[in-house]
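S.K.: Got a sequence here, can you model it:
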Amino acid sequence: MIKWSLIKHATQTEDNEELPDSARQRDARRSNRSVLSALANEAEAVASSDDLVFVVGADGVVKSVLDRSGSTGDHYPGELVGLPVSTIWPAAMSRALQDNIRRVLRTRQVRSVRLEHPERNKHYEFIFIAQGRERAMIVVRDVSDAQQRVSCLERLAYLDDLTGLPNLAWLLTELERVTERVPLTSGRAAVICIEIDQLDVAIKAASPDASNAILKELAKRVENGLRGANDESEMDDERYSAVARVDFQRFAVVLPIIETGEDAAAVAARLTELLESPVKIGATERRIKATAGIALYPQDGKNALELFDNAVIAMRDAKNSFSINQKFHSGTVRMRAFERQDLELELRRALDNGAFSLSYLPIVNRERRRAVMAEALLRWPKPVFGADSIREVVAVAEYTGMILPIGEWVFARACNQLVQWHDDGHDNLGLAVNVSAQEFSRVDLVERTQRVLGDTGLDAHRITLEITEHLLYRDAMRDFPVCRGLKDLGVSISVDDYGTGICSFEHLSRSPVDAVKIHMDFVARAAGNAAGRAACSAITAMAHELGISVVAEGVETEKQAAVLDEIGCDYLQGFLFCRPVAADELGKYLAAGAKR
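M.R.: From the prediction side, this is the model:
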């Protein structure tokens, strides 16, 4: 504490007589800093029960100094009166003091803040009390001993030891303060939850020290991507933000004041971009995926826990999106989640009980109409899902993440079936398997493919993975790391439903794609519609110029097949040749084709 009697003693002349105004002002300017330094040194030896109380104007200038009893009298330490706060405390502290003075005069609310003296390793508590609209009383007390104890407890209770960021408990406490304060100004706030996908893969590929470095680097990127993140000395709420590590692979951000939801979306986009920059592991680099969910106050929640939970729900919904990596929360998201819980349970039971099966749809060459490839299609167990549409079941599988184990089962099962067909003498047959957005984004698709090929002994050149234009576009934005990795294995890549997505000619020309499949809507119009024929012809010509094969899917009539043959499609697929059948039935179809 800075004791009142010491201040009074140090700022008086030896004979206890006041100097003339001009001399006093001149001496104050000359000896101000040395006097204040002496005061601070003496104050450290004073018992901590004493406080310094002074009054400051809106301009930051000390108007008067009071003792603990509140007596004002005529005994003010003249050398302090009239000095700006900026000359009494170090720059970092004085800025915070001035911010709080302005705030308390504006809100007329009592405020308290703890600041560390950068030169003396001391902590002080400042209590601000408005006195009208032009003055504020400030009570200063030394809380260094208490702060050390509190800091230790806070470290245990609120800090993530690895990254140095606060944890979920701290974030919810901070968010609770925001939800209490924002309504007073009729403002808006936001919570952003960010999940790192494929982090466990990157961690497994690194040593313990390297994996810790990865997490620390990601935490640093989030913190540096925000203005004034977790900075208690930054009291301007327009610049203040809070960030915490709330789970192994999740970070959360609180934005206490925003104008619109677009402000929060811009922050989320900036953070996900920072996180998705390559992470170095020794001499190699790995890329991760980041997905963000945004909840807005007050429409998405009135308290801290509700806001945070809704941000998590929005983040999960974004993970199941085909084309974006961030989403806002809406009430319908939570409603859909509850409605789909039963379907999710049925999906898990069906997978565990082996209730799923595969059917196969052949792809034939144009000239001989013989099967050169079989596309694996997942067959849903109708007794389990009843009248639920395939689209609804797929949506639930995507939303819950169940599509990942289901997709892995499909690929392994289809590869084992291809081995059987090869053993039966159809050793020139290839296999096509569709890849979902979740598989493409959240698992190491190259590693999984390599593992299954190793287990089955299949030649990678017999495997084609089918992706959508959306997935090709997302991979193109990162210079095709997934597609190139698959190509390095020898696996072929085909773009399904080509012609209706967002991929440009430029994306396709740079990609390592081997084939495109013309969307069945164009194929259906190819025989009786000039525009449909032109679309099929244009896609075929473009693909061939790039050295890419063309498959026409949804061929149902001989007339369609004749037109597609005329414009040069390399392969045909559709009910004209064979409907989706079980593996045994396709074996018979292959045998009959061999006899022909």
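
S.K.: Show me this structure divided up by domain.
M.R.: 4-149, 159-331, 356-387+400-595 (automatic domain parsing).

S.K.: JSON lines please, covering those and showing distance to residue 344.
M.R.: For the C-beta atoms, the positions are set from N, CA and C on the backbone; glycine is no exception. Listed next are these as JSON lines, based on distance: least, C-beta to C-beta, whole Å:
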{"stretch": "domain 4-149", "distance to residue 344": "47"}
{"stretch": "domain 159-331", "distance to residue 344": "12"}
{"stretch": "domain 356-387+400-595", "distance to residue 344": "5"}
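
S.K.: nearest to residue 347, of the ones you listed?
M.R.: Across the domains of the chain, residue 347 has its closest neighbour in domain 356-387+400-595 (4.7 Å, C-beta to C-beta).

S.K.: thinking again about what came up before, ranking the domains of the chain by mean pLDDT, which is last?
M.R.: Lowest mean pLDDT within the domains of the chain: domain 4-149, at a mean of 65.

S.K.: where along the stretch 51-200 of the chain do the strands fall?
M.R.: Assigned strands in the stretch 51-200 of the chain, in chain order: 52-57, 62-66, 111-117, 122-131, 135-142, 188-197 (criterion: DSSP state E, counting those that start in this stretch).

S.K.: closest one to residue 326 among the ones you listed?
M.R.: Short answer: strand 188-197, nearest of these by C-beta to C-beta, at 8.3 Å.

S.K.: can I get the CA coordinates of that closest one in PDB?
M.R.: The C-alpha coordinates for strand 188-197 follow below in PDB (Å, rounded to 0.1, in the frame of the first residue of the first chain):
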ATOM      1  CA  ARG A 188     -24.700  -8.600 -29.700                       C
ATOM      2  CA  ALA A 189     -22.000 -11.100 -29.000                       C
ATOM      3  CA  ALA A 190     -20.800 -14.400 -30.500                       C
ATOM      4  CA  VAL A 191     -19.300 -17.700 -29.600                       C
ATOM      5  CA  ILE A 192     -17.200 -19.600 -32.200                       C
ATOM      6  CA  CYS A 193     -16.300 -23.300 -31.700                       C
ATOM      7  CA  ILE A 194     -13.500 -24.600 -33.900                       C
ATOM      8  CA  GLU A 195     -12.700 -28.300 -34.300                       C
ATOM      9  CA  ILE A 196      -9.500 -29.600 -35.800                       C
ATOM     10  CA  ASP A 197     -10.000 -32.600 -38.000                       C
END
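
S.K.: Against which helices or strands is that strand packed?
M.R.: Contacts defined by 3 or more C-beta pairs under 8 Å, 6 or more residues apart in numbering; DSSP states H and E place strand 188-197 against helix 168-181, strand 250-258, helix 261-275, strand 289-297, helix 304-319.

S.K.: Deepest-packed of these, please.
M.R.: strand 289-297 (a mean of 25; mean count of other C-beta atoms under 10 Å).

S.K.: Just put the helices and strands packed on strand 188-197 in a markdown table and tack on distance to residue 404.
M.R.: Listed next are those as a markdown table, based on distance: least, C-beta to C-beta, whole Å:
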| stretch | distance to residue 404 |
| --- | --- |
| helix 168-181 | 26 |
| strand 250-258 | 18 |
| helix 261-275 | 21 |
| strand 289-297 | 13 |
| helix 304-319 | 11 |
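
S.K.: Relative to residue 531, which of the ones you listed is closest?
M.R.: Nearest of the helices and strands packed on strand 188-197 (C-beta to C-beta): helix 304-319, 36.1 Å.

S.K.: then that closest one to CSV, C-alphas only?
M.R.: C-alpha atoms of helix 304-319 as CSV (Å, rounded to 0.1, in the frame of the first residue of the first chain):
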residue,chain,number,x,y,z
ALA,A,304,-23.2,-19.1,-21.3
LEU,A,305,-23.8,-22.8,-21.4
GLU,A,306,-26.6,-22.6,-24.0
LEU,A,307,-24.6,-20.4,-26.3
PHE,A,308,-21.6,-22.7,-26.1
ASP,A,309,-23.6,-25.8,-26.7
ASN,A,310,-25.3,-24.2,-29.7
ALA,A,311,-21.9,-23.2,-31.1
VAL,A,312,-20.9,-26.9,-30.8
ILE,A,313,-24.0,-28.0,-32.6
ALA,A,314,-23.4,-25.6,-35.4
MET,A,315,-19.8,-26.8,-35.7
ARG,A,316,-21.0,-30.4,-36.0
ASP,A,317,-23.5,-29.4,-38.7
ALA,A,318,-20.7,-27.6,-40.6
LYS,A,319,-18.6,-30.8,-40.5
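
S.K.: can you list contacts of it?
M.R.: Contact with helix 304-319 is made by 171-173, 175-176, 178-179, 191-195, 197, 252, 291-295, 297, 300-301, 324-329, 333-334, 337, 399, 401, 438, 441-442, as judged by C-beta atoms under 8 Å, 6 or more residues apart in numbering.

S.K.: For residue 453, which of the helices and strands packed on strand 188-197 is the nearest?
M.R.: Per C-beta to C-beta, nearest to residue 453 of those: strand 289-297, 23.9 Å.

S.K.: Kindly point out the strands partnered with the closest one and how each is oriented relative to it.
M.R.: Using DSSP bridges, strand 289-297 pairs in its sheet with strand 188-197 (antiparallel), strand 326-328 (parallel).

S.K.: Could you say which of those is packed most deeply?
M.R.: Taking mean count of other C-beta under 10 Å, strand 188-197 is the most buried of the strands paired with strand 289-297, at a mean of 25.

S.K.: Just want the angle from that strand to helix 261-275.
M.R.: 30 degrees (axes from the mean of the first three to the mean of the last three C-alpha atoms, to 10 degrees).

S.K.: Off-centre distance for strand 188-197?
M.R.: Relative to the chain's own centre, strand 188-197 is displaced by 6 Å; criterion: C-alpha atoms, centre = their mean, to the nearest Å.

S.K.: Likewise for stretch 266-277?
M.R.: 7 Å.

S.K.: Work out which residue lies at the spatial centre of the protein.
M.R.: Nearest to the geometric centre of the chain sits residue 194, at 2.8 Å (C-alpha atoms, centre = their mean).

S.K.: quick one: that residue and residue 460, what's the gap?
M.R.: Counting by C-beta to C-beta, to the nearest Å, the gap from residue 194 to residue 460 is 35 Å.
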